[in-house]
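S.K.: Would you be able to build a 3D model of this:
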Amino acid sequence: MTLVKPDYYASNGEDLFDRFEKGLLPDPNQVRGFYKGNVIKYLTRYQDKNGIEDLEKAETYLDRLIVFEQKSTP
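M.R.: This is a model prediction of the structure:
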């Protein structure tokens, strides 16, 4: 897994992804939608914009979605 995580993803030292999952986005479906939307965004633009970097970002969001779903499944 390639983690693309620039400094601006953190707020007050806390990872923004973790903040979404801890309640910044109150509905788990909002978290899912955020991750899925970003996967789609980066996959559809990679050839015209940032190439491999966008594929790595899509991978980061997909990996986060997988972990989120694993934690959500009883």
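
S.K.: mind listing what the closest residue to N38 other than its chain neighbours touches?
M.R.: In this structure, N38 finds its nearest non-sequential neighbour in Y61, 4.3 Å apart by Cβ to Cβ, 6 or more residues apart in numbering. Using the backbone N, CA and C atoms, a C-beta is placed for each residue, glycine as well. Neighbouring residues of Y61 by Cβ atoms under 8 Å, 6 or more residues apart in numbering: Y35, K36, N38, V39, Y42.

S.K.: Name the residues that touch the helix or strand harbouring R32?
M.R.: R32 is part of helix 28-45, with elements assigned from DSSP states H and E. The contact list for helix 28-45, computed with Cβ under 8 Å, 6+ apart, reads 20-21, 25, 54-55, 57-58, 61-62, 64-65, 68-69, 72.

S.K.: Just the buried positions in the helix or strand following it, please.
M.R.: Using DSSP H and E, the helix or strand that follows helix 28-45 towards the C-terminus is helix 52-72. Buried residues in helix 52-72, counted by 16 or more other Cβ atoms under 10 Å: D54, L55, E56, K57, A58, E59, T60, Y61, L62, R64, L65, F68.

S.K.: how many other residues sit next to V39?
M.R.: The number of residues packed near V39 is 19, by other Cβ atoms under 10 Å.

S.K.: Distance of F34 relative to F20?
M.R.: As for F34, its distance to F20 is 6 Å (criterion: Cβ to Cβ, to the nearest Å).

S.K.: To clarify, my last question referred to G37.
M.R.: 12 Å.

S.K.: what about the two, which has more around it?
M.R.: Between G37 and F20, F20 has the larger neighbour count (other Cβ under 10 Å), namely 17 against 11.

S.K.: Grab the nearest non-local neighbour of that one.
M.R.: Excluding its sequence neighbours, the residue lying closest to F20 (Cβ to Cβ, 6+ apart) is V31, at 5.3 Å.

S.K.: Thanks a lot, catch you later.
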